[in-house]
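**Q** A predicted structure for the sequence below; I have some questions about it.
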Amino acid sequence: MSDPVFECRSASVTLSLSGGARPIISDINLDIQQAEFLSIVGPSGTGKTTLLRMLGGLLHPTSGEVRVNGAILTGPPEGVVIVFQDYANALLQWRTVAANVAFGIERKLPAKECTDRVNAALDLVGLSRRAEDYPWQLSGGMQQRVQIARALALRPAVMLMDEPFAALDAMTKAGLQDELLRLRDQTRTSFVFITHDIEEAVYLGDRVAVLKGSPGRIEDIVKIELPSLRDQISTRQMPEFLAYRYGLHKAIGHG
Amino acid sequence: MSQRLPKFPFLGRLLMQLPSPLGVLPLIAVLIVWQILQKGNSPYFPPPSAWWSGIVQSAATGKLLPACLASLQTILVGMVLATAAGVMLGVLIGLSRRTARALGPLLEFCRAMPPPAIVPLAILFLGYDERMKLTIVVISAMWPILLNTASAIQRIHPILLDVATSFHLSFYERIRFVAIPSVMPSILLGVRIALPLTIVLTLLVEILTSIEGVGALMITAQRNFQSGQLYGLLVLVGLFGFFLNTVFSMIQAIILRRWPPRSIPA
């Protein structure tokens, strides 16, 4: 196996809140390979978002370490980008869709290359025709795709996603799930995908990590051995799929 | 690529900034009644015709136009400087709790000071000139802009700041590309509140100090018992304020057409 893109070695985060120091996540050990899709599931309050913010360099581990391509993480790492659940607040509402997608690269790349990348990213998420619209003129699913395009324009090695589809309806969600898998195959990007939806975690993931407890720990990591070409109808009906779903519900403590 | 920004609603929004012609009717009716009922030339309530002749007289001496230009200059330059100062201080105070705490008492003290009370001090330091006029206007008119900006900056959603951090923006880039644009509706609201203040303060300083301007003409007219001219100047000032406010509303509508309509404070 090649070197992992991301490594966490017994990383913990303790936040000092008004009620004193509170450990949020503890002793996290994770490896993420290139082009791997890692889902992280867990009930609310187990520090899923904290874990993701730590991987994104927005929070420093209180102990342990996080490495990206072998280098210890000290701030938001190059090549790692976060897609937030709250797309309305994560987008710059006063910029057009195209200008939003350019936001991460416009200060680093020459204008020509920037335009090319923006067009390519908008193509990938199917929003080329809405490039000159403003985010507030789009539906929720489209706004989330703008955020995904903005992340893709950076050509990231790792995309961290914090319950990106939680606020969307089931049909939009299914469409975007398949889009993500397609993007992973096309761009060889690694994904860390946080969700509280176990079916979504199994459907998308190569592996599913279960976060549990308070402070949150990685309870289990399940390798999902389903055919890599997934289908919303047939995959979800496979006995293996249902078995994973059952096992993960058990692991989390539902019934 | 298709331009999907709705053209018509935007034009509609722009036209909505214009006052309704119907709203001027009561005013015209009052003026006509006044003109009809007023017999002779009262020193207290001169008829509108006397206002007009007073203005014409003032224009004939060649004093009216330079006075108008002087006042307009103070108002516009004052507005620009007050906006720059208000936004800069507002951003600093909004971004850093420490700055807010350090500057808070001083700012509260300055804000509580009535502008006319600063006039004698300003004269002492700066003398009777345009700079003094501007200083007072700027110091007094920047507050609504400063306070609106600071509170809007504090209300920026933390996710947006996380986005800026995660995209490696420098401190300056955060202010320029994220903070200021996201509070633009509030800045413009502050400017809109400050605009009439600027007009009031410009006239006030001119009346108090007789530095060239419409305010100085007014106090001269009053001292010479030219009440017709005084009323005429008053109407002129009113029209002035009305005109500036309408122009600013249109500028505001043009700038804010890129922002979500619901984010625009009324």
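**A** Here it is on my side, so go on.

**Q** Run a quick neighbour tally on residue A:176.
**A** 17 (other CB atoms under 10 Å in any protein chain shown). C-beta: built from backbone N, CA, C; applies to glycine.

**Q** From chain A, how far off is the residue nearest the centre of chain B?
**A** Centre of chain B computed as the mean C-alpha position; nearest residue by CA atoms, centre = their mean is residue B:195, 1.0 Å away. Counting by CB to the nearest CB, to the nearest Å, the gap between residue B:195 and chain A amounts to 23 Å.

**Q** I'd say that residue and residue B:245 touch.
**A** Yes - Residue B:195 is in contact with residue B:245 according to CB atoms under 8 Å; the separation is 6.3 Å.

**Q** Excluding covalently adjacent residues, which one is nearest to residue B:233?
**A** Excluding its sequence neighbours, the residue lying closest to residue B:233 (CB to CB, 6 or more residues apart in numbering or on different chains) is residue B:218, at 4.9 Å.

**Q** is it fair to say that neighbour lies in a helix?
**A** Yes - for residue B:218, which was evaluated using DSSP: H, G, I helix; E, B strand; the rest coil, the result is membership in a helix.

**Q** Please list all residues in contact with it.
**A** The neighbours of residue B:218, taking CB atoms under 8 Å, 6 or more residues apart in numbering or on different chains as the test, are B:203, B:206-207, B:230, B:233-234, B:237.

**Q** what does residue B:211 give?
**A** For residue B:211, the residues meeting the contact criterion (CB under 8 Å, 6+ apart) are B:128-130, B:132-133, B:205.

**Q** quick revisit: surely the residue nearest to the centre of chain B is in a helix?
**A** Yes - counting by three-state DSSP, residue B:195 is part of a helix.

**Q** I'd like the distance between the spatially closest residue to it that is not a sequence neighbour and residue B:78.
**A** Excluding the flanking residues, the one nearest residue B:195 by CB to CB, 6+ apart is residue B:248, at 5.7 Å. Residue B:248 sits 14 Å away from residue B:78 when distances are taken as CB to CB, to the nearest Å.

**Q** of the two, who's got more company?
**A** Just comparing residue B:248 and residue B:78: by other CB under 10 Å the higher neighbour count belongs to residue B:78, 28 against 16.

**Q** Tell me the spacing between that one and residue A:182.
**A** 58 Å.

**Q** likewise residue B:259?
**A** From residue B:259 over to residue A:182 the distance is 34 Å, taken as CB to CB.

**Q** Next one: residue B:4, what pLDDT does it get?
**A** Model confidence at residue B:4, expressed as pLDDT, equals 50.

**Q** what do you get for the one 3 residues further on?
**A** Turning to residue B:7, the model gives it a pLDDT of 52.

**Q** And for residue B:40?
**A** pLDDT, the model's per-residue confidence, is 69 for residue B:40.

**Q** cool, and residue B:140?
**A** The model's pLDDT for residue B:140 equals 90.

**Q** Would you mind listing which of the contacts of residue B:218 are buried?
**A** Burial of the contacts of residue B:218 was assessed by neighbour count (16 or more other CB atoms under 10 Å in any protein chain shown); the buried members are B:203, B:206-207, B:230, B:233, B:237.

**Q** Point out the residues in the stretch 101-250 of chain A that sit beside chain B.
**A** Within the stretch 101-250 of chain A, the positions lying close to chain B (CB under 8 Å from any CB of the partner chain) are A:103-104, A:107, A:129-134, A:136-137.

**Q** do that again at 10 Å, thanks
**A** Neighbours of chain B within the stretch 101-250 of chain A, by CB under 10 Å from any CB of the partner chain: A:103-108, A:128-137, A:147, A:150-151, A:154, A:160, A:162.

**Q** Mind checking which of those are buried?
**A** Buried subset of these (neighbour count, 16+ other CB under 10 Å): A:103-106, A:128, A:130-131, A:133-137, A:147, A:150-151, A:154, A:160, A:162.

**Q** Now intersect these with the helices, please.
**A** A:147, A:150-151 (DSSP state H).

**Q** for chain A, what spans make up the strands?
**A** For chain A, applying DSSP state E gives strands covering A:6-17, A:20-32, A:37-41, A:63-68, A:71-72, A:80-83, A:158-162, A:190-195, A:207-212, A:217-223.

**Q** Could you export those strands as TSV, including mean pLDDT?
**A** Formatted as TSV, the entries for the strands of chain A read as follows, by pLDDT from 0 to 100:
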stretch	mean pLDDT
strand A:6-17	88
strand A:20-32	88
strand A:37-41	94
strand A:63-68	90
strand A:71-72	88
strand A:80-83	93
strand A:158-162	93
strand A:190-195	94
strand A:207-212	92
strand A:217-223	89
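
**Q** who touches residue A:169 in this structure?
**A** Neighbour list for residue A:169: A:139-141 [criterion: CB atoms under 10 Å, 6 or more residues apart in numbering or on different chains].

**Q** quick one: pLDDT of residue A:2?
**A** 68.

**Q** on that earlier part again, now the contacts of residue B:211 as TSV including secondary structure?
**A** As requested, the contacts of residue B:211 are arranged in TSV below (three-state DSSP):
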residue	secondary structure
B:128	coil
B:129	coil
B:130	helix
B:132	helix
B:133	helix
B:205	helix
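
**Q** And those residues, which is closest to residue A:38?
**A** The closest of the contacts of residue B:211 to residue A:38 turns out to be residue B:133 (CB to CB; 66.0 Å).

**Q** Residue B:197 versus that closest one, what's the distance?
**A** Relative to residue B:197, residue B:133 is positioned 14 Å away (criterion: CB to CB).

**Q** between those two, which one's more packed in?
**A** Residue environment comparison for residue B:133 versus residue B:197 gives the larger neighbour count to residue B:133, 29 against 20, counting by other CB under 10 Å.

**Q** Dead centre of chain A: give me the residue that sits there.
**A** If you average the C-alpha coordinates of chain A and look for the closest C-alpha using CA atoms, centre = their mean, you land on residue A:161, 2.0 Å from that point.

**Q** Confirm for me that that one is in contact with residue A:151.
**A** Yes - counting by CB atoms under 10 Å, residue A:161 does reach residue A:151; the two are 8.5 Å apart.

**Q** shared neighbours, the two?
**A** Taking CB under 10 Å, 6+ apart as the contact definition, residue A:161 and residue A:151 share the neighbouring residues A:81-83.

**Q** Near chain B, list only the ones from those.
**A** When those are checked against chain B using CB under 10 Å from any CB, the ones in range are A:81-83.

**Q** one step back: please produce CSV containing the buried ones among the contacts of residue B:218, extended by pLDDT.
**A** Listed next are those as CSV, based on pLDDT from 0 to 100:
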residue, pLDDT
B:203, 92
B:206, 91
B:207, 90
B:230, 89
B:233, 90
B:237, 91
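
**Q** And these, which two are furthest apart?
**A** Looking across these, with CB to CB as the criterion, the two at the greatest separation are B:206 and B:230, at 13.9 Å.
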